[in-house]
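[1] structure here, sequence nowhere to be found:
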């Protein structure tokens, strides 16, 4: 199922609001929208911004072609006048955002979209879908690679999530430090490393485990990874090592996919060593998450294959970010901060400029978020406060920074993440629930009307 | 981002296993693969089969075009011989499955794929991705529509899940009884009802709430739903009713999106009634799930807008189904049941024919799953046991039952679900964790070798 445009990946109300705003004369008011998270799901210590490269592509591809206009007309969703507006729609505003891979905290202004009300509001749904999915996966993945302390993590979760989400989950996992993915479309689309072993069905389709192992080695070489737990594990390990030696080599690795992995890893390591197969590695799979990876830290395991839990955000499948109007032009032609005042969901108004303050040891100590009258005013404040600015310009008057999209952006985002995570204080590495690793200071220096 | 084929939405190991099986001579062995869940996530009382129509399309579109073959060659993932096999790949086997919308239980044989080892194994990942995602959403959605007891549920979750998953989440929600979706691509692709209200940003872009309400009514008519909690709710309700009356009508509905919804619904209902707006309805949103919907059952609420929790499976974003080889041809040319014997993940071998036995009151009492030598043998057994057969033929020697795919299949699946859920015993409607509503009886009547 291929979709030709991102423009209908949109809640209906975005378009009916444009319709009503065109009629009321507010559609062209200058606006500032902001995407942020009110909290970090699961009271985690940090979140990871991910999906930036994808949402820039989504903005680029956000076009109402004749087929889309026809659909809207057939359901009488918008007026003819609004249909004409949409047919000509090209986002011509600016987008600033945290660089992809950057860590973020509650109320960090992860993405800031400026332009007319109409051109900004129609992007709400698709921007949030991408940020919420990809950041949820990257945040979970980052906790796993942190817990793995340098041992490779491999993303094997495609079968446990939507087939297209799987492609982008692979991308997010690699940005957060995973080494490779089993998802071939992810590998192809983003030039990611691909990896795999074999399934129990492969062993079972052969008349014996020995035949299956010999067949796999004949094709994949002795460096392959053999799955040894279809029948008896100890016998499987013997068969595996023997099969490689018959083919004239030492086996690359064995995979364990069931039972108590900590205990088994020790048993199998000893067995391999006793067989003299000291170079044969052990990879483990089977519902791993950041906690089980941490628990396997002392076990003789060489790599982790992670499925369900990474692609579904390890209990938190959405980053829960929202997209809010924070500043807009009024009837007086001036810009006004705006904010919803309803209970539990109060939002903070204003264009926000954000920076990270580090202490003397280079450890992140504060997220400084300044509501300012302009970018320059905010940046000047950050400079005086000694804060590293966190936002980069992603779209300039409709022109997308191409260096942030496609295959090329992945390595930069992964590097950004590694550096940003390394900068976190010790609390950032804790897997337990609790306070964000870095406190956020919100400051309003805007001297406008409100 | 449009993908031209589903063939790379596949774990790499599916293709390397085909490669090794072609070399070892097992690729053409006749096989039976089965998709099932070992358990119902969250110890729910039933699951809902969903995604059948989509996976049939995925099988139809599963083609290795020159671009895919080139990618595989560039990464040396398979041999030239296997690349040739894949270039000619067309699934030519049979697929049986539970009708889309049917309830299922642990070990229900939800999907059965028969053909050669190679042609069946390569479909594993994409089949599971679709079944696991769509069934997770439909299962959550069904619990919500059950808890809503006839009040309309609207799917508003696009922004909290992957943008393409959102399209298919809308489809799954409607199959499980939701009335409409806010996702326009879902609406267009599957001809679903679409719905929406407006966002806080629409109120905030106007100079006052009154102006915003007047603008919305001018375009959408007085039958629209006004969001009344941007500022003060009581004032919002007054403004909303007044705005409709100024336009010469009575307001369709108000939406509440924050705070204690039960208390607010009573307060707002009284206010509306006191204003004489007795026909004005109340729709509620704000992180609803099946439990909060149940809790709102006694409150004067007319419809539920559900976001995050429905599209993310309400705490269980994957149905956790697996795809296992259960029977295959041996070197002796005969069919053998096969099963993995490793701890915790032992599987049950054999081609399985399933039926549902109802008690005298027509209430489902048993899921009867028979491992048989053939479909006919199993069906004969079901008939003698008075069980309604649950599997339908979806693909016949590669020919897909077109009535099961596309827009046309949605209404039938929704009807199947409604009927299947209505047949469950009382326990099926319980939201609490516990035993499946219907116990499964597994029986092996296969008289083959194993």
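    That came through, no problem. What you are looking at is a predicted structure, and each value in this text was computed from that prediction instead of being measured.
[2] which helix is the longest one in chain A?
    helix A:124-148 (DSSP state H).
[3] that one close to chain B?
    Yes. Applying Cβ under 8 Å from any Cβ of the partner chain, one finds helix A:124-148 touching chain B at A:124-126, A:128-130, A:132-133. All C-beta spots, glycine's among them, are computed from the backbone N, C-alpha and C.
[4] what kind of secondary structure is residue A:265 in?
    For residue A:265, the secondary structure call by DSSP: H, G, I helix; E, B strand; the rest coil comes out as helix.
[5] for the residue nearest to it when sequence neighbours are not counted, the count of nearby residues, please.
    If the residues on either side of it in the chain are set aside, residue A:265 comes closest to residue A:299, at 4.1 Å by Cβ to Cβ, 6 or more residues apart in numbering or on different chains. Using other Cβ atoms under 10 Å in any protein chain shown, residue A:299 has 15 other residues around it.
[6] thought residue A:268 was touching residue A:299, still the case?
    No. The criterion here is Cβ atoms under 8 Å, and residue A:299 misses it with residue A:268 at 10.0 Å.
[7] report pLDDT for the nearest residue to residue A:105 once chain neighbours are set aside.
    Leaving aside its chain neighbours, residue A:105 sits nearest to residue A:436 (4.6 Å; criterion: Cβ to Cβ, 6+ apart). Looking at residue A:436, its pLDDT is 97.
[8] hang on, residue A:436 is in a helix, isn't it?
    No. In this structure, residue A:436 is coil, not part of a helix, as judged by three-state DSSP.
[9] report the contact partners of it.
    Contacts were defined as Cβ atoms under 8 Å, 6 or more residues apart in numbering or on different chains; by that measure residue A:436 touches A:40, A:45-46, A:105-106.
[10] secondary structure added to these, as TSV?
    Converted to TSV, the contacts of residue A:436 look like this (three-state DSSP):
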residue	secondary structure
A:40	coil
A:45	coil
A:46	coil
A:105	coil
A:106	coil
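[11] sec struct for residue A:368, please.
    When classified by three-state DSSP, residue A:368 comes out as strand.
[12] wait, residue A:81 sits on residue A:22?
    Yes. Residue A:81 lies in contact with residue A:22 (Cβ under 8 Å); the separation is 6.2 Å.
[13] kindly report the domain assignment for chain A.
    Following the assignment in automatic domain parsing, chain A carries domains at A:12-138+A:316-444, A:197-301.
[14] which stretches of chain A have low pLDDT?
    A:1-2, A:341-347, A:448-450 (pLDDT under 70).
[15] if we go to 50?
    A:450 (pLDDT under 50).
[16] pick out whichever of residue A:81 and residue A:22 has more residues nearby.
    residue A:22 (21 against 11).
[17] what helix or strand is that one on?
    Using DSSP states H and E, residue A:22 sits in helix A:12-24.
[18] and that helix, does that touch chain B?
    Yes. Interface with chain B: helix A:12-24 contributes A:12-17, A:19-21, A:23-24 (Cβ under 8 Å from any Cβ).
[19] re earlier: next one: phi and psi at the residue nearest to residue A:105?
    Main-chain dihedrals, residue A:436, degrees, to the nearest 10: phi -60, psi 150.
[20] residue A:427 now?
    Dihedral angles (degrees, to the nearest 10) for residue A:427: phi -60, psi -30.
[21] how about it, nearest residue that isn't a chain neighbour?
    Per Cβ to Cβ, 6+ apart, closest to residue A:427 is residue A:437, 4.5 Å.
[22] hmm, that neighbour is touching residue A:46, no?
    Yes. Look at residue A:437 against residue A:46 with Cβ under 8 Å: they come within range, at 5.2 Å.
[23] joint contacts of the two?
    The contact sets of residue A:437 and residue A:46 overlap at A:105, A:424, A:428 (Cβ under 8 Å, 6+ apart).
[24] how many neighbours does residue A:279 have?
    When neighbours are defined as other Cβ under 10 Å, residue A:279 has 10 of them.
[25] give the contact list for it.
    Residue A:279 sits next to residue A:250 when contact means Cβ under 8 Å, 6+ apart.
[26] now swap in residue A:437 and tell me
    Residue A:437 sits in contact with A:45-46, A:105, A:364, A:424-425, A:427-428, A:430, where contact means Cβ under 8 Å, 6+ apart.
[27] 7 Å instead?
    If a contact means Cβ atoms under 7 Å, 6 or more residues apart in numbering or on different chains, then residue A:437 has A:45-46, A:424-425, A:427-428 as its contacts.
[28] before we move on, the earlier item: dump the domains of chain A into a markdown table; add distance to residue B:55 as well.
    Below are those laid out as a markdown table (distance: least, Cβ to Cβ, whole Å):
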| stretch | distance to residue B:55 |
| --- | --- |
| domain A:12-138+A:316-444 | 21 |
| domain A:197-301 | 18 |
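[29] to residue B:31, which of those domains lies closest?
    With Cβ to Cβ as the criterion, residue B:31 lies closest to domain A:197-301 of the domains of chain A, at 6.5 Å.
[30] distance between the ends of that closest one?
    16 Å (Cα to Cα, to the nearest Å).
[31] list the helices and strands the helix or strand that comes right after the longest helix of chain A packs on?
    From helix A:124-148 onward toward the C-terminus, using DSSP H and E, the following helix or strand is strand A:153-155. Contacts defined by 3 or more Cβ pairs under 7 Å, 6 or more residues apart in numbering or on different chains; DSSP states H and E place strand A:153-155 against strand A:303-306.
[32] chain center to stretch A:95-106: distance?
    Chain-centre distance of stretch A:95-106: 11 Å, with Cα atoms, centre = their mean, to the nearest Å.
[33] now that stretch: buried residues?
    Neighbour-count burial for stretch A:95-106 flags A:95-105 (criterion: 16 or more other Cβ atoms under 10 Å in any protein chain shown).
[34] ok, stretch A:86-95 next?
    Neighbour-count burial for stretch A:86-95, counted by 16+ other Cβ under 10 Å, picks out A:86, A:89, A:91, A:93-95.
[35] give me the contact list for it.
    The contact list for stretch A:86-95 (Cβ under 7 Å, 6+ apart) reads A:59, A:62-64, A:69, A:78, A:111-115, A:119-120, A:123, A:393-398.
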